[in-house]
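1. What would the 3D arrangement of this be:
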Amino acid sequence: MITPIHTLADLRADLPITRRCIYLQTGTYAPVPTSTQDYLTALLREENEVLLAGGSKTGDSDHVAEIEGARRRLATLLGVGADEVAWCYNTTSATRLAVQSFSWRPGDKIALTDVEHVSTVKLVEGMVQQLGVQVTVIPSGDGPTYTPDDFLEQLAQRLTPDHRLLLLCHVANTDGRRLPVAEAVRIARERGVKTLIDGAQAVGVFPVDVDAIDADFYSGSMHKWLMGPAGVGFLVVKRTQLPAYNPLWLPRAEGDGLTAGALSEVGTPNHVLRMGAAYSLATLQQIGLPQLEAQMQRLTSQLRTGLHAIKEIRNAGPDAWALSSSITTLQLANGDLTQCQQLVTLLRERYHIITKVRPEVCGVRISLAAFNTVEEVAQVLVALNEVVSR
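-> Residues are numbered from 1 along each chain as shown. Just a heads-up that it's a prediction; the model follows:
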């Protein structure tokens, strides 16, 4: 049974960390609600005290139904079939599974944008080094003046039928810009290029219809905006892509009806974490995902409006919500990476405000979540004014 949490105030009350600090790090990992922690504890106890006595970690209890129910809940959120969803450890492992499902040869071409997560960049660097692939980087434009049309124009110019795969993030973890993924997928498909979208910073912030986006692969994590425990990610494999998908070299027969999960999940899984992630998702759905997005949009607008009054700071990304997300990265006038790190430390130690350095854009990232408040954003603006205006 899901703990009744129906309002943002209920959610905040279920997060003791909000009484210790202003937590602005959900873009890395969210605090797990106390109710989810209690659910995880109960599940772990049941697994080790009841189910094992019956001969297995699933047994004949309600566990089995709950395990697959977790997959169906996530699939419904994403607008895809449960057979298209595979559990992974995180977005990084999900992305690598998809890439490993291709038979890469020296000279093969892969494309990615210039705002991809460092784990994706490292993956491609490794492919260049070990497989001899060739890389095309698609520029997405300057953050504050970023427009989807300019990005799509660059993509159309640089992506060719010689490319085998296009990697692009739905939302850039560096500055929060929102890429036009559905349009990018269409351009890639016209050229016969497969697509893989990193949705780590999108799912849970605004509605994401993976089926409508129509990418061949869509990866993500449950420990950020969906507020689940770390160690749970997912990969959506488009149903038409499943016949060619087999990254773990599992034996299969023609027409055997294998699913993304069956082709991706091997060994003993951690059912408890996956069910806990689904529990957090169900908790958020009780409040209403549109209400969560509206709160994040409201707080983000308040923050960015306030930043305009601090001349020593600029937003590294676009201001408009339709072009961005609840991530705002601050860049300091004439600042360097050392000053950014000093600002993060000062905000934490003096004001109990938790932020993060983003070295890729030499900035300080603020990730606003729905459990944050107007009062907290006001305190952040006061603190920034005091620190950087000296």
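2. distance of the nearest residue to residue 15 once chain neighbours are set aside from residue 297?
-> Closest residue to residue 15 apart from its sequence neighbours, by C-beta to C-beta, 6 or more residues apart in numbering: residue 31 at 5.1 Å. Just so you know, the C-beta spots here come from the backbone N, C-alpha and C atoms, and that holds for glycine as well. In this view, residue 31 and residue 297 are 21 Å apart by C-beta to C-beta, to the nearest Å.
3. returning to what we had before: tell me which residues touch the residue nearest to residue 15, please.
-> With contact set as C-beta atoms under 8 Å, 6 or more residues apart in numbering, residue 31 has these partners: 15, 17-18, 23, 227, 371.
4. Which of these fall in strands?
-> Counting by DSSP state E, those place residue 23 in strands.
5. from the contacts of residue 31, which is closest to residue 307?
-> residue 23 (19.2 Å; C-beta to C-beta).
6. Pull the number of nearby residues for that closest one.
-> Residue 23 is flanked by 21 other residues according to other C-beta atoms under 10 Å.
7. From residue 16, how far out is it?
-> Residue 23 is 11 Å from residue 16, where distance means C-beta to C-beta.
8. Restricting the selection to alpha carbons, write stretch 64-77 to PDB.
-> Taking C-alpha atoms only, stretch 64-77 is exported to PDB below (Å, rounded to 0.1, in the frame of the first residue of the first chain):
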ATOM      1  CA  VAL A  64       6.200 -11.800  -8.300                       C
ATOM      2  CA  ALA A  65       3.200  -9.600  -9.200                       C
ATOM      3  CA  GLU A  66       4.800  -6.500  -7.600                       C
ATOM      4  CA  ILE A  67       8.100  -7.100  -9.500                       C
ATOM      5  CA  GLU A  68       6.500  -7.000 -12.900                       C
ATOM      6  CA  GLY A  69       4.000  -4.400 -11.700                       C
ATOM      7  CA  ALA A  70       7.000  -2.100 -11.200                       C
ATOM      8  CA  ARG A  71       8.100  -2.600 -14.800                       C
ATOM      9  CA  ARG A  72       4.500  -1.900 -16.100                       C
ATOM     10  CA  ARG A  73       4.200   1.300 -14.000                       C
ATOM     11  CA  LEU A  74       7.400   2.700 -15.500                       C
ATOM     12  CA  ALA A  75       6.400   1.600 -19.000                       C
ATOM     13  CA  THR A  76       3.000   3.300 -18.700                       C
ATOM     14  CA  LEU A  77       4.800   6.500 -17.500                       C
END
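9. list the buried ones in it?
-> Neighbour-count burial for stretch 64-77 flags 66-67, 70-71, 73-75, 77 (criterion: 16 or more other C-beta atoms under 10 Å).
10. Now tell me what touches that stretch from outside.
-> 58, 81-82, 84-85, 87, 203, 208, 222, 234, 261, 271, 274-275, 277-278, 281-282, 285.
11. switch the cut-off to 6 Å
-> With C-beta atoms under 6 Å, 6 or more residues apart in numbering as the test, stretch 64-77 has contacts from 58, 82, 85, 271, 274-275, 278, 281.
12. what's the answer for stretch 213-224, then?
-> For stretch 213-224, contacts defined as C-beta under 6 Å, 6+ apart pick out 29-30, 90-91, 94-95, 98, 181-182, 185, 194-200, 203, 210, 228, 230, 232-236, 238, 241, 277.
13. Just the buried subset of the residues you listed, please.
-> Neighbour counting with 16+ other C-beta under 10 Å marks 29-30, 90-91, 94-95, 98, 181, 185, 194-200, 203, 210, 228, 230, 232-236, 238, 241, 277 as buried within the contacts of stretch 213-224.
14. Out of the residues you listed, which sit inside strands?
-> Among these, the members found in strands (DSSP E) are 194-198, 233-236.
15. how about the residues you listed in a markdown table, adding distance to residue 324?
-> Output for those, formatted as a markdown table (distance: C-beta to C-beta, whole Å):
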| residue | distance to residue 324 |
| --- | --- |
| 194 | 27 |
| 195 | 22 |
| 196 | 22 |
| 197 | 17 |
| 198 | 16 |
| 233 | 23 |
| 234 | 24 |
| 235 | 25 |
| 236 | 23 |
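16. what's the farthest-apart pair in these?
-> Largest separation among those by C-beta to C-beta: 194 and 233, giving 19.9 Å.
17. residue contacts, the nearest residue to residue 108 once chain neighbours are set aside?
-> Distances taken as C-beta to C-beta, 6+ apart put residue 133 closest to residue 108, at 4.9 Å, once the chain neighbours are dropped. Going by C-beta under 6 Å, 6+ apart, residue 133 touches 104, 108, 110, 127.
18. Would you mind giving the secondary structure of the third one?
-> For residue 110, the reduced secondary structure class is strand; criterion used: DSSP: H, G, I helix; E, B strand; the rest coil.
19. thought it was touching residue 165?
-> Yes. Contact criterion C-beta atoms under 6 Å: residue 110 and residue 165 qualify, at 5.1 Å.
20. Please report the number of neighbouring residues for residue 81.
-> For residue 81, using other C-beta under 10 Å, the count is 16.
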